[in-house]
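J.: my questions are about this predicted structure, shown below with the sequence.
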Amino acid sequence: MAKDVKKEKTENESGIAYKVLISPWITEASTAQMELNKYVFKVYSEAAKGDIKKAVEDLYKVKVISVRTTSIPKKFRNYGRTPGWKSGFKKATVTLKEGDKIELFEGV
C-alpha cells in the first residue's frame with residue numbers, strides 16, 4: 001500500500017486573502033499615501049484587523065506594521081426618478097515596514 005503523504009500548507013495557501021481583501025482602493029489620495037508606505041484596500045465588513053494583516057502579509061510577502069480601518073456608511077441617492085441607496089463598505093489602511101513595497105501598477 002502507498003503511504004499517506006501529508007501536504008503541508010505554505011503561508012500562501014492559507015486561503016484567507018480572498019475571504020478578507022476585495023480590491024486595492026486606488027484614488028488620488030491613496031496613491032499619494034503610497035510614498036509613505038501606506039496602502040488602502042477595500043475589505044469585507046466582517047474582517048478584523050488581524051485578518052487583514054495576515055492576508056496582506058501572505059498575499060504580497062511584506063511585513064505589516066499597523067492596520068487602520070474605517071467603515072463608510074451607506075448613502076441615499078436618487079437614480080433618475082428612482083430613490084435608492086449606495087451600499088456602504090469598509091476600508092483598511094495598511095502601513096508597511098520601511099523598505100517593503102507593493103507593486104499595484106506592475107503591468108500598466
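T.: Ah, there it is. Residues are numbered from 1 along each chain as shown.

J.: remind me which residues of the chain are low pLDDT?
T.: Applying pLDDT under 70 to the chain flags the ranges 1-14, 107-108.

J.: show me the strands in it, by range?
T.: Secondary structure of the chain (DSSP state E): strands located at 21-24, 38-43, 64-72, 75-79, 82-86, 89-96.

J.: return the most buried member of the ones you listed.
T.: Across those, averaging neighbours per residue (mean count of other Cβ atoms under 10 Å) puts strand 38-43 on top, at a mean of 21. For glycine as for every other residue, the C-beta is placed from the backbone atoms N, C-alpha and C.

J.: before we move on, back to that, turn the strands of the chain into JSON lines, including distance to K53.
T.: Below are the strands of the chain laid out as JSON lines (distance: least, Cβ to Cβ, whole Å):
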{"stretch": "strand 21-24", "distance to K53": "11"}
{"stretch": "strand 38-43", "distance to K53": "11"}
{"stretch": "strand 64-72", "distance to K53": "5"}
{"stretch": "strand 75-79", "distance to K53": "29"}
{"stretch": "strand 82-86", "distance to K53": "28"}
{"stretch": "strand 89-96", "distance to K53": "7"}
